[in-house]
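**Q** Can you look at this prediction? I've put the sequence above it.
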Number of protein chains: 2
Amino acid sequence: MTTKREQKGSAVDAPFLKELIKIWRVHGINGALKAKSDLDLLEPYILDGEKGRALPIIGDPDPDTLRRLELFFHAVALSIERATGVLIQPILNLQYEGVGRVVLISGRLIVVNKQLRDGHRFGFDNLAKLAEAGDKYVSDGIALIRKFPDVANHWGYS
Amino acid sequence: MTTKREQKGSAVDAPFLKELIKIWRVHGINGALKAKSDLDLLEPYILDGEKGRALPIIGDPDPDTLRRLELFFHAVALSIERATGVLIQPILNLQYEGVGRVVLISGRLIVVNKQLRDGHRFGFDNLAKLAEAGDKYVSDGIALIRKFPDVANHWGYS
């Protein structure tokens, strides 16, 4: 019953990247995305030396960058939900010039709290770094929910 | 040593309203605010029948309304800080048509979590209702911090 996997060991096997790819496919309502390979979908997250240098130090994020940010943290949220069974709500609050904050909320617990200083440059050196960053948010979030389960399950507005 | 207070028993004696007035005075960098009485400063929060009916059911909040919302929750945050000694950060995330959310954060605890559905109509029937609403947020926030002090003092970003 062991199926040989064609891509075994490739970077896109990382659980976080799989979640991220899935989300891009779900949100890809236009045909252009459907035709793309997994690697092509993640390519915009890679901001290596040359691409990075081409971006201004200070700038407003364009809609594509905002979407990358949003779906990245969406993937973090879903991965945490999957592991803990606890619902997560994301709040993305980006202000002028890429400065802002992302919080992922569960009940009254802030599961992830990320200050953004250069949101318009949101990217990673390579796929491994992208996977590592996502995994770090996910594992920290899971640890916090397990540490404070009462708060994560404390819903209700005031 | 008992000083007779002229306004004893008046609505603006409520602790929350005093905090709110103080914040308006601190933020009032233009001379126009300085000349206003306490009651005049709070007047824009009062949205009684006639004024309320003049507003559309659905609409985008204007800058004055946003400022009222912002300073209201600023006053809530400061009142909670004063009572608990714990620092509070407000996040106001208003999207299209007055729909959005206000969260007040302390460490990893969401001290206040308010969904807004008609932020462009943010107001109260009278001063007593304004004071009551503010006090409710403050006392609920204090109670939550006292219930989960570890979370309120859990700082650090991930």
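**A** Ah, there it is. Remember, predicted model here, so these are calculated numbers, not experimental data. Numbers count the residues shown, from 1 in each chain, chains lettered A, B, ... in the order given.

**Q** OK, contacts around A:Gly134?
**A** Taking C-beta atoms under 8 Å, 6 or more residues apart in numbering or on different chains, we find A:Gly134 in contact with A:14, A:16-17, A:19-20, A:72, A:75-76, A:79. Backbone N, C-alpha and C define where each C-beta goes, glycine included.

**Q** let's see 10 Å
**A** Listed by C-beta atoms under 10 Å, 6 or more residues apart in numbering or on different chains, the contact partners of A:Gly134 are A:14-17, A:19-20, A:45, A:72-73, A:75-76, A:79, A:124.

**Q** what does A:Gly107 give?
**A** By C-beta under 10 Å, 6+ apart, the residues touching A:Gly107 are A:86-89, A:145, A:148-156, B:110, B:113.

**Q** mind checking pLDDT for it?
**A** Per-residue pLDDT puts A:Gly107 at 93.

**Q** and what of A:Gly100?
**A** pLDDT, read off for A:Gly100, is 82.

**Q** Can you say which of the contacts of A:Gly107 are buried?
**A** For the contacts of A:Gly107, a neighbour count by 16 or more other C-beta atoms under 10 Å in any protein chain shown gives the buried set as A:86, A:88, A:145, A:148, A:151-152, A:154, B:110, B:113.

**Q** Taking these, tell me the two that lie furthest apart.
**A** Spatial extent of those (C-beta to C-beta) is set by the pair A:Ile145 and B:Asn113 at 16.9 Å.

**Q** okay, which residue is most central for chain A?
**A** With distances taken as C-alpha atoms, centre = their mean, A:Phe72 lies nearest the centre of chain A, 2.0 Å away.

**Q** How far off centre is the helix or strand hosting A:Ser139?
**A** A:Ser139 belongs to helix A:127-147 when assigned by DSSP states H and E. Computed by C-alpha atoms, centre = their mean, to the nearest Å, the chain-centroid distance of helix A:127-147 equals 10 Å.

**Q** Give the buried residues for it.
**A** Judged by neighbour count (16+ other C-beta under 10 Å), helix A:127-147 contains these buried residues: A:127, A:130-131, A:134-135, A:137-138, A:140-142, A:144-145.

**Q** Output that helix in PDB with nothing but the alpha carbons.
**A** Extracted C-alpha coordinates of helix A:127-147, given in PDB (Å, rounded to 0.1, in the frame of the first residue of the first chain):
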ATOM      1  CA  LEU A 127      11.200  28.000  -0.700                       C
ATOM      2  CA  ALA A 128      12.800  26.500   2.300                       C
ATOM      3  CA  LYS A 129      12.800  29.800   4.100                       C
ATOM      4  CA  LEU A 130       9.200  30.400   3.200                       C
ATOM      5  CA  ALA A 131       8.300  26.900   4.600                       C
ATOM      6  CA  GLU A 132      10.300  27.600   7.700                       C
ATOM      7  CA  ALA A 133       8.700  30.900   8.400                       C
ATOM      8  CA  GLY A 134       5.200  29.500   8.000                       C
ATOM      9  CA  ASP A 135       6.000  26.500  10.100                       C
ATOM     10  CA  LYS A 136       7.300  28.700  12.900                       C
ATOM     11  CA  TYR A 137       4.100  30.700  13.000                       C
ATOM     12  CA  VAL A 138       2.100  27.500  13.000                       C
ATOM     13  CA  SER A 139       4.100  25.800  15.800                       C
ATOM     14  CA  ASP A 140       4.200  28.900  18.000                       C
ATOM     15  CA  GLY A 141       0.500  29.400  17.500                       C
ATOM     16  CA  ILE A 142      -0.300  25.700  18.400                       C
ATOM     17  CA  ALA A 143       1.900  26.000  21.500                       C
ATOM     18  CA  LEU A 144       0.100  29.100  22.700                       C
ATOM     19  CA  ILE A 145      -3.300  27.600  22.200                       C
ATOM     20  CA  ARG A 146      -2.200  24.500  24.200                       C
ATOM     21  CA  LYS A 147      -0.800  26.700  26.900                       C
END
